[in-house]
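Peer 1: structure for the following, please:
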Amino acid sequence: MRFPKFTELDKEQRAIYVGAPSNESILVMGPPGTGKTVLAFFRAAELQKRYEKQKEQSRKPFVIMFNRTLKTYASKREDGVATGVGCSTMNQWAWAWYKKARGVSPPSLAGARSVYDLDWDGMLGPLLEKAMSSSERVNWGHLIIDEGQDFPPGMYRTLSILAGFICAQGGSPAVTVFADDNQRLSERSNSTLQEIEEALSLKKDRVYRLSKNYRCSRQIAEFARHYYVGLRSGTPDLPTRLGPSKPKVVVAGSLEVVRRRIVDFVSARRQLDVGVLCARESERKKIFNSVSHRIKDTGVLVQTYSSTCSDVHPPEKLVFDKGGSVTVLNFQSAKGLEFDAVFIIDPFSSGPGAVGVQSKMQLYVMASRARNHLELLLMNPPDDLAGFLPPEELYEQAHE
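Peer 2: Prediction:
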């Protein structure tokens with residue numbers, strides 16, 4: 001992760017860093033590339049200073065990331081900002097927090113697909129009971145939640161009710177949420193900005209907005225903007241920085257074409273880190289195996305991760321921001337990351353295509369992972385491909 005210095009924060013970012021109260025809950029909304037994760041760690045660093053000075057539990061920060069890849073990505077920063085602050089996924093944190101308070105594992109939703117599908121409403125009663133006898137066992141300090149739109153409203157309601165009770169006992173736990181409801185990847189578990197705001201009972205002056213895109217080139221930002229679905233956090237201001245080329249849309253006749261384009265690109269541009277983002281798990285496996293075989297013994301790093309193969313490819317071993325690297329991920333695992341160049345594989349083959357709201361959100365999020373190069377590789381293009389794409393002047397198209 002490429003972190004700016006404090007002096008490089010813009011006016012919007014500094015206003016939040018300096019002006020947002022440290023002992024209250026806030027919501028920061030912002031489109032892709034506007035520095036939400038950057039600001040999350042700057043806020044964590046400031047809270048950590050206050051905690052070390054006063055040793056007050058309610059000021060102790062903890063950073064929550066959406067998934068294990070994003071946690072690894074953020075934790076491997078070399079900027080020195082908030083290095084002493086704990087960081088984990090929400091599932092890891094919630095399990096440890098609940099078990100510390102109650103001595104047992106948290107309850108899961110009825111019919112849950114995973115033990116990590118937590119029953120937040122069911123957790124509330126036992127946690128309130130514990131808070132009555134020992135509020136410090138429940139007091140989490142100050143949670144800083146990145147990608148907050150991808151967590152359920154029940155989580156925010158539970159935290160808000162508990163915070164109110166603990167505050168009445170003399171504590172002051174709080175939650176800082178960074179979110180963009182245009183970046184919701186899952187239809188099953190997410191929150192709108194309004195749901196977060198209402199659940200946390202936030203006043204209007206505790207809701208902040210970021211608008212400047214620092215990540216993408218102007219050409220990529222214009223392409224991604226086509227898939228914006230119109231939700232509250234809006235699109236970022238278009239960057240002035242021009243990249244080396246327009247995004248490309250390539251109708252690829254086979255997996256071999258996909259492999260060749262990726263291999264040729266990274267071989268000619270060893271200084272770049274490349275992300276290959278796949279709509280489906282089957283594609284992730286095939287492309288990782290194919291590219292790994294083709295680039296074997298060339299010195300290029302080829303890596304992958306998925307929750308289905310974490311024993312073989314643990315996320316902790318992923319290397320980011322390294323030239324001459326190819327990282328193959330599914331859409332869920334790519335959330336919050338960024339790369340010099342991004343290849344998106346068959347984004348229109350896993351649902352109703354870009355005409356569907358959820359599919360548009362997915363492509364909006366994935367296209368926004370790219371800093372300077374973006375290419376869509378379509379092995380299974382829809383019949384009416386033009387209807388799924390932005391205006392022709394925003395991209396180059398090829399058939400191979």
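Peer 1: all strands of the stretch 201-350 of the chain, in order?
Peer 2: If DSSP state E, counting those that start in this stretch is used as the criterion, the strands of the stretch 201-350 of the chain fall at 207-209, 248-251, 273-278, 301-305, 325-330, 339-345.
Peer 1: need these in CSV (columns: mean pLDDT, distance to H293 and mean neighbour count).
Peer 2: C-beta here means a position set from N, CA and C on the backbone, and glycine is covered the same way. Written out in CSV, the entries for these read as follows (pLDDT from 0 to 100; distance: least, Cβ to Cβ, whole Å; neighbours: other Cβ atoms under 10 Å):
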stretch, mean pLDDT, distance to H293, mean neighbour count
strand 207-209, 95, 46, 17
strand 248-251, 97, 21, 19
strand 273-278, 96, 14, 25
strand 301-305, 95, 9, 22
strand 325-330, 96, 12, 25
strand 339-345, 97, 17, 25
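Peer 1: of these, which is nearest C216?
Peer 2: Put simply, out of the strands of the stretch 201-350 of the chain the one that sits nearest C216 is strand 339-345, at 10.0 Å, with distance taken as Cβ to Cβ.
Peer 1: same for that closest one, what does it pack against?
Peer 2: Counting by 3 or more Cβ pairs under 8 Å, 6 or more residues apart in numbering; DSSP states H and E, the packing neighbours recorded for strand 339-345 are helix 255-268, strand 273-278, helix 357-367, strand 370-378.
Peer 1: measure the residue nearest the centre of the chain to L109 for me?
Peer 2: Among the residues of the chain, the smallest C-alpha distance to the mean C-alpha position (Cα atoms, centre = their mean) belongs to G336, namely 2.8 Å. Here the criterion is Cβ to Cβ, to the nearest Å. By it, G336 lies 25 Å from L109.
Peer 1: what do you get for T37?
Peer 2: With distances taken as Cβ to Cβ, T37 is found 28 Å from L109.
Peer 1: mind checking which of these two has more residues around it?
Peer 2: Comparing T37 with L109 by neighbour count (other Cβ atoms under 10 Å), the higher total belongs to T37, at 23 against 17.
Peer 1: does the more buried one sit in a helix, a strand or a coil?
Peer 2: Secondary structure of T37, reduced to three states by DSSP: H, G, I helix; E, B strand; the rest coil: helix.
Peer 1: now it: closest residue in space, sequence neighbours ignored.
Peer 2: Excluding the flanking residues, the one nearest T37 by Cβ to Cβ, 6 or more residues apart in numbering is D146, at 5.5 Å.
Peer 1: dump the residue contacts of the one you found.
Peer 2: With Cβ atoms under 8 Å, 6 or more residues apart in numbering as the criterion, the residues that contact D146 are 36-37, 40, 63-66, 70, 74, 178, 336.
Peer 1: and it, how far is that from Y73?
Peer 2: Here D146 is placed at a distance of 11 Å from Y73 (Cβ to Cβ).
Peer 1: what of G230?
Peer 2: With the distance defined as Cβ to Cβ, G230 ends up 29 Å from Y73.
Peer 1: mind checking which of the two has more residues around it?
Peer 2: Summary of the neighbour comparison: G230 and Y73, criterion other Cβ under 10 Å, with Y73 having more neighbours (21 against 9).
Peer 1: ok, now how distant is the residue in the chain sticking out farthest from the centre from D150?
Peer 2: The centre of the chain is farthest from one residue, S133, which by Cα atoms, centre = their mean lies 36.7 Å away. With distances defined as Cβ to Cβ, the gap from S133 to D150 amounts to 33 Å.
Peer 1: for I262, same thing?
Peer 2: For I262, the distance to D150 - Cβ to Cβ - is 28 Å.
Peer 1: and S108, by the same measure?
Peer 2: Using Cβ to Cβ, we find S108 at a distance of 18 Å from D150.
Peer 1: same thing with V138?
Peer 2: Note on V138: its distance to D150, by Cβ to Cβ, is 24 Å.
Peer 1: out of the two, which sits in the busier spot?
Peer 2: Neighbours per residue (other Cβ under 10 Å) separate V138 from D150, with V138 holding more: 26 against 23.
Peer 1: the more buried one reaches K130, doesn't it?
Peer 2: Yes - with contact defined as Cβ atoms under 8 Å, V138 counts as touching K130 (5.6 Å).
Peer 1: okay, and the common contacts of those two?
Peer 2: Common contacts of V138 and K130 (Cβ under 8 Å, 6+ apart): A101.
Peer 1: how far does stretch 156-173 sit from the chain's center?
Peer 2: Average the C-alpha atoms of stretch 156-173, do the same for its chain, and the two points are 26 Å apart (Cα atoms, centre = their mean, to the nearest Å).
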